[in-house]
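Colleague: Got a predicted structure plus its sequence, pasted below:
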Protein chains: 2
Amino acid sequence: MKSNHESIFFNAQHSPIGAFASFTLGYPGANGGFGLELGKPADQNIYIGCSSRDGGYYELLPFYAGSDNERQRYVQSGGEAEAESTILRAFPLDAITREYKAATDEWRAGDLSFRILTQIQAVPDPEQAAAEDLKAALVPAVWAELTLDNTSGDKTRTLFFGYQGNDPYSNMRRLDDTMTTGYTGVGQGLRTAIVTENKETYSSLGFDMESILKPRSKAHHTFGLGSCGALLTEVPAGEKVTVRYAVCFYQAGIVTSGLQGSYYYSKLFDSIESVACYALEQFDTVDAASGRLEEEMNAVGLSEDQKFLIRHSVHSYYGSTELLDVQGKPVWIVNEGEYRMINTLDLTVDQLFFEMKMNPWTVRNVLDLFAERYSYTDEVQEYGSSGKHEGGISFTHDMGVANVFSRPQYSAYEISEIEDCFSYMTQEQLTNWLLCALIYAEKTQDRAWQDSKMPLIKNCFTSMLNRDHHQAEQRDGLMDLESSRTNGGAEITTYDSLDVSLGQSRRNIYIASKCWAVYVMLAHRFEEEGEAELAGLAAEQASRCASTVASGVEKDGTIPAILDGESVSRIIPAIEGLVYPHAAGLLDVYGKESPYGTYLKVLKKHLENILVPGVCLFADGGWQLSSTSINSWSSKIYLNQYVAREVLGVIQPEQQTAADHAHVSWLKDPQNAYWAWSDQTHEGIVKGSRYYPRGVTSILWLDERNKK
Amino acid sequence: MKSNHESIFFNAQHSPIGAFASFTLGYPGANGGFGLELGKPADQNIYIGCSSRDGGYYELLPFYAGSDNERQRYVQSGGEAEAESTILRAFPLDAITREYKAATDEWRAGDLSFRILTQIQAVPDPEQAAAEDLKAALVPAVWAELTLDNTSGDKTRTLFFGYQGNDPYSNMRRLDDTMTTGYTGVGQGLRTAIVTENKETYSSLGFDMESILKPRSKAHHTFGLGSCGALLTEVPAGEKVTVRYAVCFYQAGIVTSGLQGSYYYSKLFDSIESVACYALEQFDTVDAASGRLEEEMNAVGLSEDQKFLIRHSVHSYYGSTELLDVQGKPVWIVNEGEYRMINTLDLTVDQLFFEMKMNPWTVRNVLDLFAERYSYTDEVQEYGSSGKHEGGISFTHDMGVANVFSRPQYSAYEISEIEDCFSYMTQEQLTNWLLCALIYAEKTQDRAWQDSKMPLIKNCFTSMLNRDHHQAEQRDGLMDLESSRTNGGAEITTYDSLDVSLGQSRRNIYIASKCWAVYVMLAHRFEEEGEAELAGLAAEQASRCASTVASGVEKDGTIPAILDGESVSRIIPAIEGLVYPHAAGLLDVYGKESPYGTYLKVLKKHLENILVPGVCLFADGGWQLSSTSINSWSSKIYLNQYVAREVLGVIQPEQQTAADHAHVSWLKDPQNAYWAWSDQTHEGIVKGSRYYPRGVTSILWLDERNKK
C-alpha cells in the first residue's frame, strides 16, 4: 500500500472564479461532482470512461458509487460495499496515474486520459474593466478534455463523460434542445451542464449509466426522465480522439438576502447555454495560460511538496469565491469553505497576500463593505468587571452565511456572554481590517482610497489604544480589555476551537504580534501623512508591545502564549504578525537593527526553542501551532513557515522538508482527502474548516526566491 | 391499536395555488415540511409546541426526528429509533386529535392547537383578470394559527413554530432583518419562510431546537449560523393566545428550461417578504372562505369517507400546480406528483372535471400548448407488420419533467421500440386531447376558441379514423393500428404499469370507451357546426365502436379487456369513457334509448358481473380495476364509481360503502400515509404515483346530489 503522501486519490476543487462553484474530483466513489453554492462536494456519480478494447464492458475512472469498493476496504469504513455493475468496471486504483498541477489535473488509465483545466487569473475591477475582460475572467465554467487512444484497437469504442445530478428541484436534460446546431450537452435544470462542440459526440439521458451505454435502442438516448446524462463519442479503430468539454455552472437572478445580490457573471451571460458557447471559444486561451503558476513556482525553486500545497490551496480557494452585483456595485466574497460564512475577516487577512497578487481591488472592495455595513462601536471592560470604558470602532467576524447577508453591524457568528467558540473577535478583527487596509494602501498607492479612509484609520487607532488600557500610562501594547459586546464574556481569536493558548485574545502574544504589526504600519502611514504626533504615538505603542512580549521570555528562551503569569502554552503564531510589516517593506527600516530588534531576536529564539518534537512539532514532523493543543491549522502553518524563514531566518532545511512532507500527507490521508483542502487538523486528522479557501497563505512562498 | 381507517397520522399537502409548493404535515417524524418544486415531502424537522405547564420541558406535535419512536415501532421499519431529546417531548399519539377538512387542518393536544388554512379558489385568467384578483388567488403562501390555552396555567409558557431547513444552497435567516418593523419571521434563503405580525412574537435561530428554547442567553436568539429557526411567543399565565402565521414560498427568475418560464406570482410579488405581508393581510378573507367546499360536500350528502377522499385529493392536487409566465403568456402546469412530469395529458383528462369547476381557462391553456408545441403527425402500422399507412395528428404524453420542458413534439416519457412502460400513448393522448377540448367547448361556449380549433379537431377526427383502420370499410370503432413512433413496438395506455388488460391500447375496451366518447361528442359538435357529413361519420364510428364492444360480451355477461379473442381479463374502466358524454349532457340524447342503448346496457351488466369478490373487488371491498392485476388506481376508481352510479345506475350502497372505506384505509395505511394522496396501489400498498394530483376525479361526486 502506498503511503498517504504518495496517494493520488484526493478530491480537488476545479472552480470558476467568483461563481461559488466547483467541479470536484479525485476521491473514489460518488464523492465529487458539480457543486454550486455548497460547502462540500456534490456527492454525484461521475462517469468518465470508454468501452473496453474487446467491447465487452466499460472501463471508468473510479468516481461513481460502486467504483470505490477497493477504497472502502482500504479505509475500513465498515459499511457494505455497493454491488459493482456488471458492465461498468472501474480501473484498478493502481492502474491509474494523475498529474495534479495548479490549473490542470490529468488522469490516465488504460487507453484513456482525462484532463481538467481551470483559470488562475486576475479578476479585473468591474468598475473599470471592459466587459470582454470580465467575461474572460468570470465565465462560470471549467474545461475538460477526454482522450481515447484507440490506435491499437480493432473495434470502434465509445468514449463518455457524464453524471447523475442531485439538484433536488430540477431534472437532467439534453442541451441539444436549447442550443444552436453544433453543440451537444447534458445538464441539470438551469444550473449545471457539460457541453461540447465535437461533431461526433451525442447526448443521452437514462435512469442509470448502464441504460445510456447499452440502450435497447439508440432512439432511447432522447428519453427525458433519466437522472443520468452523458456525452458519448464513438472512436473508430486505429484512431486517437480527444473531445473537449465546457463544464458549466449558472444561477440567474437574486441569490442573496439581506443585501440583494446576483452573480456578476449573470450580467455577462444570459444562460448556461451562453456560458458554454463562450467557454468553448476560450479553450485554447485558457490552455495556453494554464502553466503560469507552475512556471512561477519552478522559477522560485519550490520543492514538490511546497508546490503541491500551493496548488491544492489555490484549487480550494477558488471554489469559495463569489462575485456579486448588488444594485450595480460589485461585491467580492470569499465564502468560508464548509461553513460558507461570507467574507470572514480573519480569513480575509490571511488570503490578503493572494488577493494582493491577483486582484488588489477585491481587498478594497471587502474593506469598504466592512467599513460601511459591518463595523460597530463598542465600549470596553476589564474581564470579570462590569465597569465600562470608552471603546471604539471594530468590525464584525463575517458578513453572513450561505448567501444570507447578516444585518448591519452584526456577523452571523458572534454571540455574547461566552468565552469560547462563537464569542466576539473585536480586537482581532480590528487588527485584521487595519492590516488589510494598511497593506492595500502601502502596495497600491491608491491615494483616493487612502484619503477617504484616513479618518476611519485614525478611529481604528483610537480603538486599538482603548483596548490596551483606558489610562494611557498603563498601556503596554497588549490587548487587555474586552468588548462590551461580549457582555461579560471574553473575546476569542480566529483560532476559535483551539485551547486558550490561541483561543483567548486578551494578553495573547499571537494577538500581540498583530497589534505590533498594526502599530508599526500605522507609525509609518501616519509619518507619510505628516501626522507626526499620531506617528509617534503609534511607534510608542509598537515599542511597548514589543517590549512587553520580549520581557515575557522565560529562562528557557520561550515566551508563554498568554502573558498572564499562568500560561504554560507555547505557540508558533507568536511570530505571525511579523508578516505584515515585512510584506509592506517596513522591516528594513523597523527591523533587526531597529527599536524592535530585541523583539525579533526573542521571537527567533522562541521559535527555535519550540520547534522541537513534543513541543511544537508532531511526531510526523508537522507543525503544532500550540504546545498544549493537537489542533493545528495548515493555513497558519504555511504563513508562519514563511515568517520563520523569510523574516526571522529560521531555516532548518531538514525540518522544513519533513514538515512539508507531513502537511502533504495530512491532506492526502484517506480520512481527509474527500474534503480537498482543509485547515483544522488534529494530529493529521481533519476536524474542521474543510473544503476551505484559506490555504492560499502558501502563495507567500513565491517570495522566497533563491533562499535555498 | 386503531385501524388504518381511523388513523389521523397521514401527511397532507397544504399548498398555495400554482406555486409547486407544499407545507406537508401529518406523518410523524421528520417527514413533512416546506417543499418547493419537490416530488415528495421535504423531510424537515417541524417544531410546533409549547412549554409544559410546569415549565420543565416542551410538548410538541410529533413532526420532528426522534418524535416518531412510537411510529417506528409501529411500522417496524427495523432502523434504530432516534434518541429522544430530554427537553423536547412529543405528545403521545393517542393524546392528539385532528380535524382534517378540505381547506383546514387542525391539530389539538394538551393546551395546544395548530390550524393550517389553505385556499380552494378559482384562478382567474391572467389575460383577463385584475392584478388584485390574481394576487389573492396566487399568493404563494398558506396560513397557520397556533393557540395556547394557558388560562388554567400559573406560569408564563412559550409557544413556538419553527423548522430546520434543508435547502442545500442557502442558510436559515431571521426575516426581522429584511422586513419593516412589526413583522417577525424565520426562513431559509429566499425560498421559504414563516412570518407573523404578532407583536409579542420573537424570532430565533440555533443549531437545534433545544438551543433556541434554552439559549445560554436571550441575546443568542440572533445567532446567525443555525440550521433551525423558530418564532416564539410568551403566553402569560391565565391567558389564551393565538398567533397567526403566513407560511410562505418564493422562487424568483427563470425556473424552467426549454420554455423559459418564471412563476406567475413573481410578477405580482417581488420577494418572499412581500408575499408574507400580503398573506397576513388576507388571513380573515381566506379563513372566511375556507368552509366552502365542505358546505358543498355536505349539501350533496356525501359520506365521511367520500368527503375524506375529496379533501385529500384536493390537498395533493394543489401541491402539483404551477402557473408560469413564459414571455408574457401564462402557462398552466399540473406536475405529475412524485414524477414531476409537466402536464401529463392522461392526467389532464382526469383532472378536467376539477379544472372545469374551478378555472376552465386552464384547460384551454393546456390544450393550446399541446396543440402548438406538443402535437405531432405520425403514420400508423399494424402490430407486427412494417407496412405504413397514413396516420394523423396526436399529442405527446407530457411536456417535460421537473421544470425541464421537453423539445417540441416530444414528451419526456415516450420512447420507441417497446411495448410496455414508456412506450407511446398516441391513441390515448389523441382521445384525451379531444375529450378535454370537446368538454371545454361544450361547457364554456368559448366561440372564438372553438372556431380557431375546429381545423385541428377535424384533423384529430381523421387521425382517429386512421388508427381504427386505413380502409374505411374495415373500421369497427376500435383502435387497431400502432403509431409509427413506436417503430415496431406497441402503444400503451395511461395504465402503463398495469398488465396487458389495461396496459395495451390496441383493441382495448377501456380505450374503446374513450374512442366512443370522442365519436359521440364529435358527432354532436359537428352537428352544431353544421358539418352534417362529418357528424354522420362520427356517429357511425360511435355506433361501430359501441356495437363492437357490445358484441364482445361473453356468455357470463362480461366483456374481455382486449377484443382479440384471447384476453381473459375483465376491467372496470370499460365504462370509463361514458363520463364524457355524460358530463357534456349528451347522454340524454345519445343515452339509454339511443343507438348506444345496447352498449350501455351491456356495460352495466358487465360491471355488475365483475364487481364481485375475486374478480374486480379486493378482499377489503376496494375496487380492483383489472381482474388479472392487483395494481389498482384510486383516481380511476373514483371516476368509475361515478360512472357506475351516475351513468349506469349501478348503486349497490353497501358495496360502495365498503369500497370507500377500503380506499380511505389504503391512503391512511402507515406504509402509504407519508405520501399524502397516492394513486397506484397493490392490494392496498402504494407502489407508484405517490404525492399525486390526479385524485380530484373525486370532485365528480359533487354532482351526485340526492342520489342516496
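Modeller: It's in. In this text, all values refer to a predicted model and were calculated from it rather than measured experimentally.
Colleague: Number of residues surrounding the residue in the stretch 301-450 of chain A that chain B sits nearest to?
Modeller: Nearest to chain B in the stretch 301-450 of chain A, going by CB to the nearest CB, is residue A:412, at a distance of 2.7 Å. Where you see a C-beta, it was placed from the backbone N, CA and C, and this is true even at glycine. Using other CB atoms under 10 Å in any protein chain shown, residue A:412 has 32 other residues around it.
Colleague: I'd say it and residue B:224 touch.
Modeller: Yes. Assessed by CB atoms under 8 Å, residue A:412 is found in contact with residue B:224 at 2.7 Å.
Colleague: Need the residues touching each of these two.
Modeller: Counting by CB atoms under 8 Å, 6 or more residues apart in numbering or on different chains, the residues touching both residue A:412 and residue B:224 are A:400, A:401, A:404, A:406, B:171.
Colleague: related to what we said a few turns ago, list the residues that contact the residue of the stretch 301-450 of chain A closest to chain B.
Modeller: A:341-342, A:397-401, A:404, A:406, B:171, B:223-225.
Colleague: Residue A:30 now?
Modeller: A:43, A:44, A:45, A:46, A:63, A:64, A:65, A:164.
Colleague: and what of residue A:476?
Modeller: A:468, A:469, A:544, A:545, A:547, A:548.
Colleague: can you tell me which residues contact the residue nearest to residue A:673 when sequence neighbours are not counted?
Modeller: Spatially, and ignoring its direct neighbours in sequence, residue A:673 is nearest to residue A:10 (3.6 Å; CB to CB, 6 or more residues apart in numbering or on different chains). Taking CB under 8 Å, 6+ apart, we find residue A:10 in contact with A:26, A:27, A:312, A:667, A:668, A:672, A:673, A:676.
Colleague: and if you look at residue A:344?
Modeller: A:334, A:336, A:397, A:398, A:413.
Colleague: Name the helix or strand for the fourth one, please.
Modeller: To tie it back to what came earlier, the one meant is residue A:398. Assigning secondary structure by DSSP states H and E places residue A:398 outside every helix and strand.
Colleague: Ignoring the adjacent residues along the chain, who's closest to residue A:409?
Modeller: That would be residue A:376: by CB to CB, 6+ apart, it lies 4.3 Å from residue A:409.
Colleague: isn't there a helix covering that neighbour?
Modeller: No. Per DSSP: H, G, I helix; E, B strand; the rest coil, residue A:376 lies outside any helix segment and is strand.
Colleague: what pairs with it across the strands?
Modeller: residue A:394 (DSSP bridges).
Colleague: re earlier: reformat the contacts of residue A:412 as a markdown table; add secondary structure, distance to residue B:140 and neighbour count.
Modeller: Formatted as a markdown table, the contacts of residue A:412 follow (DSSP: H, G, I helix; E, B strand; the rest coil; distance: CB to CB, whole Å; neighbours: other CB atoms under 10 Å in any protein chain shown):
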| residue | secondary structure | distance to residue B:140 | neighbour count |
| --- | --- | --- | --- |
| A:341 | strand | 29 | 29 |
| A:342 | strand | 27 | 29 |
| A:397 | coil | 34 | 30 |
| A:398 | coil | 31 | 31 |
| A:399 | coil | 28 | 28 |
| A:400 | strand | 24 | 29 |
| A:401 | strand | 25 | 26 |
| A:404 | strand | 20 | 29 |
| A:406 | coil | 25 | 30 |
| B:171 | coil | 21 | 27 |
| B:223 | coil | 28 | 21 |
| B:224 | coil | 25 | 28 |
| B:225 | coil | 27 | 23 |
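Colleague: From those, pick the one nearest residue A:435.
Modeller: Distance to residue A:435, by CB to CB, is smallest for residue A:397 among those, at 15.4 Å.
Colleague: Identify the residues contacting that closest one.
Modeller: Residue A:397 neighbours (CB under 8 Å, 6+ apart): A:341, A:344, A:345, A:346, A:411, A:412, A:413, A:414, A:424, A:425, A:429.
Colleague: Would you mind naming what in the stretch 451-600 of chain A lies close to chain B?
Modeller: Neighbours of chain B within the stretch 451-600 of chain A, by CB under 8 Å from any CB of the partner chain: residue A:487.
Colleague: Of all the residues in the stretch 451-600 of chain A, which one is nearest chain B?
Modeller: Closest point on the stretch 451-600 of chain A to chain B, by CB to the nearest CB, is residue A:487, at 6.8 Å.
Colleague: if I look at that residue, how far off is residue B:234?
Modeller: Relative to residue B:234, residue A:487 is positioned 22 Å away (CB to CB, to the nearest Å).
Colleague: hang on, the earlier thing: spit out the contact partners of the residue of the stretch 451-600 of chain A closest to chain B.
Modeller: With CB under 8 Å, 6+ apart, residue A:487 has these contacts: A:416, A:417, B:217, B:219.
Colleague: what's around the closest residue to the last one other than its chain neighbours, how many residues?
Modeller: Closest residue to residue B:219 in three dimensions, ignoring its sequence neighbours and counting by CB to CB, 6+ apart: residue A:416, at 4.7 Å. The number of residues packed around residue A:416, counting by other CB under 10 Å, is 20.
Colleague: helix, strand or coil for residue A:416?
Modeller: coil.
Colleague: Need the pLDDT of it.
Modeller: Residue A:416 carries a pLDDT score of 96 in this model.
Colleague: residues near residue A:207, how many?
Modeller: Residue A:207: 13 neighbours (other CB under 10 Å).
Colleague: got it, and residue A:688?
Modeller: Residue A:688 has 18 neighbouring residues, counting by other CB under 10 Å.
Colleague: Buried residues of stretch A:510-529, list them for me.
Modeller: A:510-526 (16 or more other CB atoms under 10 Å in any protein chain shown).
Colleague: Would you mind checking which of the shared contacts of residue A:412 and residue B:224 is nearest to residue B:625?
Modeller: Closest to residue B:625, out of all of those and judged by CB to CB, is residue B:171, at 47.5 Å.
Colleague: That closest one contacts residue B:190, doesn't it?
Modeller: No. Counting by CB under 8 Å, residue B:171 does not reach residue B:190; the two are 11.0 Å apart.
Colleague: Flag every residue of the stretch 1-150 of chain A that's near chain B.
Modeller: Counting by CB under 8 Å from any CB, the stretch 1-150 of chain A sits next to chain B at A:36, A:37, A:38.
Colleague: Could you look up the SS state of the closest residue to the second one other than its chain neighbours?
Modeller: Leaving aside its chain neighbours, residue A:37 sits nearest to residue B:169 (4.1 Å; criterion: CB to CB, 6+ apart). Judged by three-state DSSP, the three-state class of residue B:169 is coil.
Colleague: Quick check: what element follows the lowest-mean-pLDDT helix or strand in chain A along the chain?
Modeller: None of the helices or strands of chain A scores lower by mean pLDDT, DSSP states H and E than helix A:69-75, at a mean of 47. Using DSSP H and E, the helix or strand that follows helix A:69-75 in sequence is strand A:88-90.
Colleague: Which residue ranges of the stretch 151-300 of chain A form helices?
Modeller: Secondary structure of the stretch 151-300 of chain A by DSSP state H, counting those that start in this stretch: the helices cover A:209-213, A:265-268, A:272-281, A:283-289, A:292-300.
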